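[1] 3D model of this:
(chains A, B, C and D)
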4 protein chains.
Amino acid sequence: MADHYDTALGASTPDTITLLGHDLATDVMGTVGFGELAFWLATQRRPSPGQTRLFEAVLAALADHGFTPTAIVSRLTYLSAPDSVQGALAAGLLGGGSRFLGVTEDCGRFLHDVLATADLPEDDDGWDALALETLRVQGKPRIPGLGHHVHKNGDPRTLRLFQIAAEEGLVGPHLSLFKAIGRVHPRVLGKTLPLNGAGTCGAVLADLGLPLELLRGFALLARTAGLIGQLAEELRHPVANQIFLSVDSHTRSVAPLEE
Amino acid sequence: MADHYDTALGASTPDTITLLGHDLATDVMGTVGFGELAFWLATQRRPSPGQTRLFEAVLAALADHGFTPTAIVSRLTYLSAPDSVQGALAAGLLGGGSRFLGVTEDCGRFLHDVLATADLPEDDDGWDALALETLRVQGKPRIPGLGHHVHKNGDPRTLRLFQIAAEEGLVGPHLSLFKAIGRVHPRVLGKTLPLNGAGTCGAVLADLGLPLELLRGFALLARTAGLIGQLAEELRHPVANQIFLSVDSHTRSVAPLEE
Amino acid sequence: MADHYDTALGASTPDTITLLGHDLATDVMGTVGFGELAFWLATQRRPSPGQTRLFEAVLAALADHGFTPTAIVSRLTYLSAPDSVQGALAAGLLGGGSRFLGVTEDCGRFLHDVLATADLPEDDDGWDALALETLRVQGKPRIPGLGHHVHKNGDPRTLRLFQIAAEEGLVGPHLSLFKAIGRVHPRVLGKTLPLNGAGTCGAVLADLGLPLELLRGFALLARTAGLIGQLAEELRHPVANQIFLSVDSHTRSVAPLEE
Amino acid sequence: MADHYDTALGASTPDTITLLGHDLATDVMGTVGFGELAFWLATQRRPSPGQTRLFEAVLAALADHGFTPTAIVSRLTYLSAPDSVQGALAAGLLGGGSRFLGVTEDCGRFLHDVLATADLPEDDDGWDALALETLRVQGKPRIPGLGHHVHKNGDPRTLRLFQIAAEEGLVGPHLSLFKAIGRVHPRVLGKTLPLNGAGTCGAVLADLGLPLELLRGFALLARTAGLIGQLAEELRHPVANQIFLSVDSHTRSVAPLEE
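    Below is the predicted model:
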C-alpha cells in the first residue's frame, strides 16, 4: 500500500492554493492563458509562447465542425436531460473514439512508431526516402491522416499548421515525416491525396512532446469548447427536437428477425 | 419539420472551413487563443483582450484541485478502461454536478435572480443596502458561494478575480453584489465567512455575459484540462491501482439489511 | 477516517464468492432471475414471486420505445466510437434525465410526498377525496404522470400494471392514490387525461419499496437492455450514418449573433 | 438518404404499444421476465426457458463484485452530483472497458475466432486436440479467461456455468473448447490455471448466439443492476466521502517534472 499519493498539480492549504508548484492566484491567474495552462498541466512543463501558439492552433482546428455526430448527441442529450449539462457534454465526448476524432491520435502514434526505429534524416531528401520506405512497407497503404472525405484537394488546416510550426521554429520529426508523406505518396499510390488536418494535428502534438497515449484527449479538450458552443446555440435556436422528430417521422416498424 | 438546421459554428465546403463566420485556417488558427475561442463559441461574440484575460483567470481558478472525487474517478476509470480516454474524461466530468462544481453556476444564477428584480445601485452604499436586503430576505441564509470548507480566512482566488476584473474595467453588477455580500454579511450573520473562489467565478462569468444555463459548462471546460493533467500524471506515476487496493483492503463484508 | 468500508453486496475470498450474503454459484446462479436479482440488490430484501413479476412488468414497460433521443444518441455514439460499447451505452443513459425518463421518478416521489402528510384512506371514496384535495391544492395542476402526448385515450401499460398489481395483491398506497387521481381529475380539470404508463411505473416502484432517490435508476436499468437491443439492431441494419447524413444535408450555415 | 429508419423494437400508435412485434401490455408485461426480455431484444429471437436460465446465471455472475473501481466510481460520482443518478451509473459503466470487464468479450471472441477456422470436433478427445493446438499456436500463451488473480484454485462460477449449461443441454462449441483448454493447458504451460468465471461467461454468451460485438454489453447490463445496488447501499450507509477523505489525507504535493 502506498503511504502517499503524489501529485504536482493542484494543492491547497487553508491560506494558499498552488498549481504546478506555483501560487495559483498570483502566478497563474491573470498571467497564464488557458491553452498554455492545458499544455502545462499535461506535460508539467511550461510551454514557450511559440509552443502555446501552435498548440492553440491545433485546438482551434479541432474545436467544432458543425453538426457532427458528437454535436448532435450533445444537443439530443441536453434536450432529454436539461438538468445535467455535465451529462450532455460527457455524452458528446463519448463519441470521440476511433472513428471520428481518432485520426489525431492514430496519426501521431503511427509517425512515432516509424520514427522509433529509423535514423532521423537530416534533409528533405532523407525525409522523402523514409516516407517512401514507410509507404512501401505498409503494402496496402492505410496511413492515418492521408486523405479526407470532404477536402479532397487539400485540407486548409494542414497548410496553416505547417506554416505556424515553421514560423515558430517547431517543425519536428513527426511533422517532417508527415510532410514528406504528403510529397511522395503519389509516387507509390499513383494518386494524390490530401494530408488530413486532424492527422496533421496529431503530428504537431507529438512534436510538441505531448503524451502520445493522450493525443485524443486534446481533441476532446478542443471539442469540449465546441460542444459548449453547440449547447449555447441550442439554447438560443433549438434544433434537437426537430432532429428527433425528423427521425421519428421516418421510422418504420418492421418484423423482428425471426420468431 | 424544419427545412434547415441552422448553425453559425463550424462549417465546411470542399475548399474552405469556417468557424463563427471566419475562415478557420487564416483568421482563427494562429491568431485566436483557446480561451478566447471558447468564449467566442459560447457567445458568438468575440471577447476583448480584457474579457479574455478575466475569462482565462476563471478557467485557471477551476482547472484542478488535486485529488478531488472527479480526479479520482477519471484515474480509476482510466485504470479500468485504458482503451478509452474519452470514457475516463467523461466519467470525471460527470461528477461536475450540484455539489462539487455546482457553486459556480448556483452563485451566478442566484446573483442574476436578485438583480433581475432590483434597481441597480449606483455606489457601494447602494450595493451594501441591496446585499443586506438580500441576506435578510433569505432568512436562513443559504447564499451560494458564501463560505469555504478549507479557506476559512479567505479564498485567494476571490481577491485575485476582483483585482483582475478591476484592472480590466469589468466589474459588473454580479460581482458588485457579491462583493457587497462579502462586506455586509457579518452584520446579518454575526460571523465572517470567506467568499468562495468558485462562487466568485460564477459572478464573473455572469458579468461577462456568458449563458447562465451553461455556467457549469465553463467549470467543466476548465476541469477537462485538469483531468488531462491528472491522466498524464497517472501515466507517469500511477496511483489509481493503489487507491483501489486501499479501498479493497478496508472492505468489510456485512450481512444484508434483512433476510 | 473509517476503519472499514462495509458492503453486503459482492464479496470474495480465494475459494468463495458471495452476493447479498449467499453463495453466488450455488444459491444465486441458476436460481435467481435477473429482475429478481436487481430488486434484491437494490433493497437487500429478496422479493416474492409476485413482487418480481410486477417489477419485471415495469422494466418491460420502460425498456424501449423505438427511436427515442436516447436510442439515437447510443447509435450515433457507437457510429463514432465503435471501439467503446460502454461509451455508447453510457451516452444513451445520460439522456435519462428530467424530461424523457424523469416522469417515473417524479411521479413516485410526488405521490410519496402527498402520502407522507395524509392519513391513509381505507376505501375508494377516501382515496377519491385525497386525490381531489391533491388536485385542488396543486392549483395549476402539474401532477407528474397525468397526460401522455401520444396515448391520449389511455396508455395501455397503465391498465396492465393495475391489473398485475391487483393479481399479485400488491396495490399499495401510491398506486391507489394515482388510480384515484385518474378517476377524479376530470371533476377538477374539466377534461379527461390518461394516466401515463411511465408515471404508473413510478407509483408501482414506490409501492414495491424501492428507494425513491433511485426510481430513475430502474428506468435506466430497463433502458440499458433496450439500448443493447438498439445497438444489436444497428449492427445488423445500420441507420446511424443515415441519420447523421440527413442532419448534415439539412444544415445551413448562418451568420453569428453579432460581430 | 434513407426513406425510412427501420426498427423491430419498440413502436407505438395512439392506441397500441408493441415491442418486438408483440403487444407490450398484453403479451410482454407480466409474462416475460427481464433477463428473457434482454436476450430477446438483443437477438430478436425469444429464448427458451433453458436459454433464459443460463443467460440469467451469467448476469448474476457478473452483477457485482463489491468495491471494484466501477463501484467506487459510481459512488464518488453520486457524492459529487447527487442530482444526476444517470451520471453516476454512466460513470460506473465507463470503467467497463478492456481491463476489468473486458475478459468476457475477449474470451468469447477468441474462442469464436479459433472455431471459425477449425473443423468442429465430435468428442472430448477432439476438443482436447483442438485446445492443445490452440495453446501451442499462441506461442506465448495469452488466452483470455485463463487464470484468475484471486480464485487461484478455481473460480466457483465456472463449474456452476458448466453445470447449468449441461442441465439445459446448451453446451456449445465455445464452451466445449474453453472446457478443453481447462483440461489440457497444464500439459503445454506446465502449470494449472483456473478458468476465469468472467471468461466462461463469454463462452456461454457466444454459445447462446448473442452478438459477439456486444458481449461486453451484457456484462454492462449486469453491472447496471449491481451499480444500482451500490448506490442504494451508499444512500443507506454512505462511504464515498470517507473514500475521498482517505485519498485526500494521503495526498502529498510534489514538485512538477521540470521547471
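
[2] look at A:R252 and say how many residues are nearby.
    11 (other CB atoms under 10 Å in any protein chain shown). Bear in mind the C-beta positions are built from the backbone N, C-alpha and C, glycine included.

[3] residue contacts, it?
    If you count contacts by CB atoms under 8 Å, 6 or more residues apart in numbering or on different chains, A:R252 has them with D:H4, D:Y5, D:D6, D:T7.

[4] thought the last one was touching C:F67?
    Yes: the criterion here is CB atoms under 8 Å, and D:T7 meets it with C:F67 at 6.5 Å.

[5] secondary structure class for A:G30?
    Each residue gets one of three states, and A:G30 gets coil by DSSP: H, G, I helix; E, B strand; the rest coil.

[6] from A:R45, how far off is it?
    21 Å (CB to CB, to the nearest Å).

[7] quick one, which of those two is more surrounded?
    A:G30 (19 against 15).

[8] was I right about the more buried one contacting B:I164?
    Yes: using CB under 8 Å, A:G30 is in contact with B:I164, at 4.6 Å.

[9] any common contacting residues for those two?
    B:R53, B:A57.

[10] now, which of the contacts of A:R252 lie within helices?
    Secondary structure from DSSP state H places none of the contacts of A:R252 in helices.

[11] the closest residue to A:T104 other than its chain neighbours: neighbouring residues, count only.
    Spatially, and ignoring its direct neighbours in sequence, A:T104 is nearest to A:G202 (4.1 Å; CB to CB, 6 or more residues apart in numbering or on different chains). By other CB under 10 Å, the residues close to A:G202 number 33.

[12] keeping just the C-alphas, turn the helix or strand that contains A:G202 into PDB.
    Following DSSP states H and E, the helix or strand that holds A:G202 is helix A:197-207. The C-alpha trace of helix A:197-207 is given here as PDB (Å, rounded to 0.1, in the frame of the first residue of the first chain):
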ATOM      1  CA  GLY A 197      -5.900  18.400 -40.900                       C
ATOM      2  CA  ALA A 198      -6.800  16.300 -37.900                       C
ATOM      3  CA  GLY A 199      -4.000  14.000 -38.700                       C
ATOM      4  CA  THR A 200      -1.600  16.900 -39.000                       C
ATOM      5  CA  CYS A 201      -2.700  18.000 -35.600                       C
ATOM      6  CA  GLY A 202      -1.600  14.600 -34.300                       C
ATOM      7  CA  ALA A 203       1.900  15.200 -35.800                       C
ATOM      8  CA  VAL A 204       2.100  18.600 -34.300                       C
ATOM      9  CA  LEU A 205       1.000  17.400 -30.800                       C
ATOM     10  CA  ALA A 206       3.600  14.600 -31.000                       C
ATOM     11  CA  ASP A 207       6.300  17.100 -32.000                       C
END
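
[13] against which helices or strands is it packed?
    In terms of contacts (3 or more CB pairs under 8 Å, 6 or more residues apart in numbering or on different chains; DSSP states H and E), helix A:197-207 is packed against helix A:49-62, helix A:102-116, helix A:156-167, helix A:173-189, helix A:215-236.

[14] next secondary structure after the first one?
    Following helix A:49-62 in sequence order, the next helix or strand is helix A:69-80 (DSSP H and E).

[15] check whether that following helix contacts chain C.
    Yes: using CB under 8 Å from any CB of the partner chain, we find that helix A:69-80 touches chain C at A:P69, A:T70, A:I72, A:V73, A:L76, A:T77, A:L79, A:S80.

[16] quick one, that helix and helix C:102-116 angle?
    20 degrees (axes from the mean of the first three to the mean of the last three CA atoms, to 10 degrees).

[17] now do helix A:69-80, average pLDDT.
    Average pLDDT, helix A:69-80: 97.

[18] right, and the helix or strand after it?
    Next along from helix A:69-80, by DSSP H and E: helix A:85-93.

[19] now that following helix: mean pLDDT?
    97.

[20] would you mind listing what in chain A touches chain D?
    Checking chain A against chain D by CB under 8 Å from any CB, the hits are A:2-8, A:11, A:18, A:20-21, A:43-46, A:81, A:83-84, A:86-87, A:90, A:94, A:247, A:250-259.

[21] redo that, cut-off 7 Å
    Proximity of chain A to chain D, by CB under 7 Å from any CB of the partner chain, involves residues A:4-8, A:11, A:20-21, A:44-45, A:81, A:83-84, A:86-87, A:247, A:250-258.
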